[in-house]
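Trainee: okay, here's the prediction I keep looking at, along with the sequence it came from:
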Amino acid sequence: MSAATLDSGAPLNNTMGSMLLGVIFSAILYGISVLQCMFYYTRYERDPMYLKFLVASTLFLDTLHLSFVVHTVYHYLISNYYENDALQAMVWSVSLEALPTGVTAGLVQSFYAHRIWRMSHGNYFSTGFVLFLILATSACGTAWVIMALQCRTYQDLLRISPLTITINALSTAADVFITMILCFMLHRSNPASLETESMVNRLILFTINTGLLTSLCAVAALVSLIISPRTLIYASFYFCIGRLYSNALLASLNARSVIRGRINDVDSNFHIKSPRGANAAATHLTRDVFVRPADDADELTVRIDRTTELYADGSYGKSKNKFMPPEIKEPESVADSDSA
């Protein structure tokens, strides 16, 4: 939450009206999350259990958060309809709603940190910096919830406004850094074909779009909090941040078949395999990506073999050796067995 203050007689359009809009948009995004969950569980049944558990956890946290914000709006606008004293007092749900939002953000950002770790083959600096931002945001968020539960009015909440701004800034920084490092790793790859290059471009565009939504929403909440701290305008954005995180996660999982083109759907998240050792800086990327590995493999790869045969004119339906000119040799198999 933030250090919003409802002064006596304050207009409801930029206070409870803003909070109500936030609940409406959050409910719409929650419905999209439910649909994406249904699609995920029916489409990617072979995914590992940790991914299925992550999706289930985000859906549960979304449900919990929505119940908290609905209770908050019902408490202020129905149970205490336009009672000025009640509008200035904080209800328990308005403080606790920050908890599922923070946990959802931490889970999704940790998922992206794991992706960075895999794509960079254990780059401690990049992964460690992302984890530092995640842990710092989680620690500040936990402290905020504890302190907010001790506040009786929104006026008391103004005392921890610096902590609120810090949480929003750290969360935004984590989103921006994750998006930048993922795009950089994809951009420096060396596609082996035009088809693979197209897939990489789709990956970069998709990564930017998913990271941009959460970043813009967090920035909007942060700016509205700084410019207008005595209103609840920020709530219109803050109530949607958790839903945007869960939708970004589900979209990245459900869009795998689209990004790969016509490559068969598989059970792993995005992963680019690059050579280890001296040539690790030059990533060689091809279509052979994202498939269930063998029991003794440590990478996620797929092999796509295509055979091209040469026939002389008029050889259709007849023996190819009989009609093949001397300069055309026996057909050879050409295997596109690049590795990603």
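Mentor: Good, I have the coordinates.

Trainee: what residue ranges in the protein score low on pLDDT?
Mentor: In the predicted model, the chain carries pLDDT under 70 at residues 1-11, 82, 189-206, 209-210, 258-340.

Trainee: go with 50
Mentor: The chain contains residues with pLDDT under 50 at 1-5, 262-308, 310-311, 313-340.

Trainee: show me where this protein has strands.
Mentor: Using DSSP state E, the strands found in the chain span residues 190-191, 284-285.

Trainee: could you report the separation of residue 253 from residue 41?
Mentor: Plainly put, residue 253 is 11 Å away from residue 41 if you go by Cβ to Cβ, to the nearest Å. Every C-beta, even on glycine, is put in place using the N, C-alpha and C of the backbone.

Trainee: quick check: neighbours shared by these two?
Mentor: Shared contacts of residue 253 and residue 41 (Cβ atoms under 8 Å, 6 or more residues apart in numbering): residue 55.

Trainee: neighbour count winner among those two?
Mentor: Taking other Cβ atoms under 10 Å, residue 253 and residue 41 do not tie; residue 253 has more neighbours (23 against 13).

Trainee: and the more buried one, what is it in contact with?
Mentor: Contacts for residue 253 (Cβ under 8 Å, 6+ apart) come out as 40, 44, 47, 51, 55, 269.

Trainee: skipping adjacent residues, who's closest to residue 96 in space?
Mentor: What sits nearest to residue 96 in space, not counting adjacent residues and going by Cβ to Cβ, 6 or more residues apart in numbering, is residue 68, at 5.7 Å.

Trainee: that neighbour: how many residues sit nearby?
Mentor: For residue 68, the count of nearby residues is 21 (other Cβ under 10 Å).

Trainee: that one: what's it in contact with?
Mentor: Shown in contact with residue 68 (Cβ under 8 Å, 6+ apart): 93, 94, 96, 97, 100.

Trainee: residue 57 too?
Mentor: In this structure, residue 57 makes contact with residue 107, judged by Cβ under 8 Å, 6+ apart.

Trainee: from residue 254, how far out is residue 92?
Mentor: The span separating residue 92 from residue 254 equals 35 Å under the rule Cβ to Cβ.

Trainee: oh, I was asking about residue 89
Mentor: Counting by Cβ to Cβ - residue 89 and residue 254 are separated by 42 Å.

Trainee: pretty sure residue 26 sits against residue 239.
Mentor: Yes: at 4.5 Å, residue 26 counts as touching residue 239 under the criterion of Cβ atoms under 8 Å.

Trainee: intersection of neighbour lists for these two?
Mentor: Residues touching both residue 26 and residue 239 (Cβ under 8 Å, 6+ apart): residue 69.

Trainee: which one of those two has more residues nearby?
Mentor: Neighbours around residue 26 and residue 239, counted as other Cβ under 10 Å, are more numerous at residue 239. The numbers are 32 against 26.

Trainee: the more buried one contacts residue 69, doesn't it?
Mentor: Yes: with contact defined as Cβ under 8 Å, residue 239 reaches residue 69; the gap is 5.5 Å.

Trainee: residues that sit against both of the two, list them.
Mentor: Common contact partners of residue 239 and residue 69 (Cβ under 8 Å, 6+ apart): 19, 22, 23, 26, 97.

Trainee: quick check: closest non-adjacent residue to the second one.
Mentor: Spelled out, that is residue 22. Nearest non-adjacent residue to residue 22 (Cβ to Cβ, 6+ apart): residue 239, at 3.4 Å.

Trainee: what sits against the one you found?
Mentor: When contacts are counted by Cβ under 8 Å, 6+ apart, residue 239 touches 19, 22, 23, 25, 26, 69, 97.

Trainee: ok, so what distance separates residue 14 from residue 26?
Mentor: For residue 14, the distance to residue 26 equals 18 Å [Cβ to Cβ].

Trainee: equivalent analysis for residue 119, please.
Mentor: Distance from residue 119 to residue 26, by Cβ to Cβ: 32 Å.

Trainee: re earlier: filter the contacts of residue 239 to the buried ones?
Mentor: With burial judged by 16 or more other Cβ atoms under 10 Å, the buried subset of these is 19, 22, 23, 26, 69, 97.
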